[in-house]
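> pasting the structure only:
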Ligand SMILES: C[S@@+](CC[C@H](N)C(=O)[O-])C[C@H]1O[C@@H](n2cnc3c(N)ncnc32)[C@H](O)[C@@H]1O
């Protein structure tokens, strides 16, 4: 059994939970999810994982029950709330009862002792998140200036119920670039030359291969894809003008099979009837992510 720790910022609790569930995990406590296998590198919000070796009713019992070859030297860690740290007392206890050589720096393995529910204690081998998609995207995030974080963009791609992914309003390109890093077939465009320049620069910095042309999203240009987009926000929220994000979505509905898009909450009541929504996820700034298929 593998335990996966969720790492999310305030405001992103719903999308991070939805992403972990969409990747096949089961939630056990606020931070911990479980599964049989898990690829940490593709997830936006998974922080680290632990392969469970033993359990007990106390940390000491979990360590005593630890029956496995331990790559040595090894480091003992504990988890306090969300903070992981080396534990001198667990290290002393483990060295006495499990043997091997303890070392804090550059260990060959790390054993984490934690309790997901304040009742059961678990001890297991820890795996750090390495060479992940999010790490790669951090190379470009300081260049991006808009409402979406790279974590949320990757989570949207992981939540998308179909392929190819199409984002007709790519802005700086976080969604299509995350999608390409997930090796999904991807199409994208925007109608703002400044944004297109940034998206192409970001694409080149990541060494990815995709055309990012100028196109007006109000005239759909791809059939049968999965629409994944962070639509432009309407500036005048109090006016009676049509909502631009809703207009863009409606324009694409006849041309797509499925969708995972961010909309302002206020347009939810005006959605057309020819779509089937399978999930609604609260998002930041009074927005909601809707996921579903076209009837
Ligand atoms: C909220 S931003 C998207 C941000 C993006 N997710 C990113 O990673 O930077 C919305 C984008 O929609 C684009 N847009 C607005 N109206 C459009 C239209 N009619 N056709 C294509 N793109 C449009 C804007 O230029 C802007 O880049």
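All right, it came through fine. Everything numeric in this text was worked out from a predicted model, so none of it was measured. Residues are numbered from 1 along each chain as shown.

> can you give me the end-to-end span of stretch 35-50?
Using CA to CA, to the nearest Å, the end-to-end distance of stretch 35-50 comes to 11 Å.

> quick one: mean pLDDT over it.
Throughout stretch 35-50, pLDDT has a mean value of 97.

> stretch 286-293 now?
96.

> helix or strand: which one has the spatially closest residue to residue 160 that is not a sequence neighbour?
Counting by CB to CB, 6 or more residues apart in numbering, residue 160 lies nearest to residue 260, which is 4.4 Å off, once chain neighbours are set aside. Placement of C-beta: from N, CA and C, glycine included. Assessed by DSSP states H and E, residue 260 sits inside strand 256-264.

> just the residues contacting that strand, thanks.
Strand 256-264 has contacts (CB atoms under 8 Å, 6 or more residues apart in numbering) with 148, 156, 159-162, 166, 224-231, 233-234, 237, 243, 245-246, 249, 252, 275, 283, 286-294.

> for the next helix or strand after that strand, which strands pair with it and how are they oriented?
Sequence order places strand 275-283 as the next helix or strand after strand 256-264, per DSSP H and E. If you go by DSSP bridges, strand 275-283 pairs up with strand 287-294 (antiparallel).

> next one: the strand it pairs with to chain centre, how far?
17 Å (CA atoms, centre = their mean, to the nearest Å).

> show me what counts as buried in it.
For strand 287-294, a neighbour-count test (16 or more other CB atoms under 10 Å) marks 287, 288, 289, 290, 291, 292, 294 as buried.

> repeat that for stretch 175-189.
175-182, 184, 186-189.

> equivalent analysis for stretch 262-278, please.
Result for stretch 262-278 [16+ other CB under 10 Å]: buried residues 262, 263, 264, 267, 271, 275.

> is it in proximity to the ligand?
No: judged by CB under 6 Å from any ligand atom, stretch 262-278 stays clear of the ligand, getting no closer than 8.2 Å.
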